[in-house]
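Trainee: take this sequence and fold it.
(one chain, ligands or ions: 1)
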Amino acid sequence: MRVLVTGGAGFIGSHIVEDLLARGLEVAVLDNLATGKRENVPKGVPFFRVDLRDKEGVERAFREFRPTHVSHQAAQASVKVSVEDPVLDFEVNLLGGLNLLEACRQYGVEKLVFASTGGAIYGEVPEGERAEETWPPRPKSPYAASKAAFEHYLSVYGQSYGLKWVSLRYGNVYGPRQDPHGEAGVVAIFAERVLKGLPVTLYARKTPGDEGCVRDYVYVGDVAEAHALALFSLEGIYNVGTGEGHTTREVLMAVAEAAGKAPEVQPAPPRPGDLERSVLSPLKLMAHGWRPKVGFQEGIRLTVDHFRGAV
Ligand SMILES: O=c1ccn([C@@H]2O[C@H](COP(=O)(O)OP(=O)(O)O[C@H]3O[C@H](CO)[C@H](O)[C@H](O)[C@H]3O)[C@@H](O)[C@H]2O)c(=O)[nH]1
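Mentor: Have a look, this model is predicted:
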């Protein structure tokens, strides 16, 4: 198996690269380094500094590496940026994604695993419920729309050209190497700021001072394991979450405990565009043997330890 990982220099992609190397697979990385970092790519791994919008560059990577499998983690990954610039989001996530699918077709790639969004694709998840894969997509942002549309393209490429595919709908992925600047990631933001003794902003769910929104926080190492399972033996759409919801205040308390520091909190009104509650049902993936191994407190401790080394 020869796996080309797009976005392999980024947060989730670099954990996937490590996981695949540990399994003895041949891996190459395609990344434009817009948010990824060259030092995230292990030495000896072929690296193509290519933007997905560059069709020629994508083709060159396929011609040189000849992947049998593709892990597609590269994206315009910010909901906020997609709302401000829907065309940019479309160009990277859909036109760029199609360049990749065309290269898969041209070079006879067997299977593609896609990083989709469980956090954004279902819209609001009512209290007491967990979003299931059978729920219809209800995109509320250009980002969610582009991810949902790409899933349709995958289905078409499967039917028309025989490409096998898996779409993993990630919850809120967190862990070491998440960038606290630029892209979102409240765990990384809080970890860095609390360790530095800086105040943190807690956006309200409804009114300033409340506990904040609810998310399904899933540890990046568990995501890499779900990804490997998908690559080897799944087909179709799977949520990757824990099934547990945590409020932003719970995140802050866990970060503060791991850091051993009392945070200074600045309560703020709801952040425009934020869903109040998003929790995923992981049962479909669990039926194939996957389990989230790293619990919330432990995962936050591992993340804070990483940032302690970095700040
Ligand atoms: O300084 C901050 C930053 C965030 N939050 C809150 O923390 C929660 C989580 O926010 P994130 O920005 O970490 O995550 P989102 O759920 O907004 O977005 C995540 O999920 C999205 C949908 O899947 C996208 O994938 C996105 O890239 C990913 O970070 C939200 O209620 C947000 O308002 C704060 O209170 N303070």
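
Trainee: every contact and neighbour count from this point should use C-alpha atoms.
Mentor: OK.

Trainee: buried ones in stretch 13-32?
Mentor: 13-21, 26-32 (16 or more other Cα atoms under 10 Å).

Trainee: separation between the residue of the chain positioned farthest from its centre and Ala256?
Mentor: Outermost residue of the chain with respect to the C-alpha centroid, by Cα atoms, centre = their mean, is Ala262; its distance is 29.4 Å. According to Cα to Cα, to the nearest Å, Ala262 stands 6 Å off from Ala256.

Trainee: same deal with Asn99?
Mentor: 44 Å.

Trainee: cool, and Ala268?
Mentor: When Cα to Cα is the yardstick, Ala268 and Ala256 sit 19 Å from each other.

Trainee: higher neighbour count, those two?
Mentor: Taking other Cα atoms under 10 Å, Ala268 and Ala256 do not tie; Ala256 has more neighbours (21 against 17).

Trainee: tell me the contacts of the more buried one?
Mentor: Neighbouring residues of Ala256 by Cα atoms under 8 Å, 6 or more residues apart in numbering: 191, 194, 262-263.

Trainee: of these, which is the nearest to the ligand?
Mentor: Within the contacts of Ala256, distances to the ligand taken as Cα to the nearest ligand atom reach their minimum at Ala191, with 10.4 Å.

Trainee: next, count neighbours for the residue lying closest to the closest one once chain neighbours are set aside.
Mentor: Beyond its immediate neighbours in the sequence, the residue positioned closest to Ala191 (Cα to Cα, 6 or more residues apart in numbering) is Val304, lying 5.4 Å away. Val304 has 27 neighbouring residues, counting by other Cα under 10 Å.

Trainee: again, but for Tyr161
Mentor: Around Tyr161 there are 12 other residues, counting by other Cα under 10 Å.

Trainee: name the helix or strand for the nearest residue to it once chain neighbours are set aside, please.
Mentor: Once flanking residues are discounted, Tyr161 sits nearest to Arg105: 7.0 Å by Cα to Cα, 6+ apart. In this assignment (DSSP states H and E), Arg105 forms part of helix 96-106.

Trainee: avg pLDDT for the strand or helix carrying Glu298?
Mentor: Applying DSSP H and E as the criterion places Glu298 in helix 296-310. Per-residue pLDDT values over helix 296-310 give a mean of 93.

Trainee: what's His246 sitting at in phi/psi?
Mentor: With angles defined as degrees, to the nearest 10, His246 shows backbone torsions of phi -130, psi 140.

Trainee: all further residue positions should be reported with the first residue as 29.
Mentor: Shifting the count to begin at 29 puts that one at His274.

Trainee: which residues touch it?
Mentor: 242-245.
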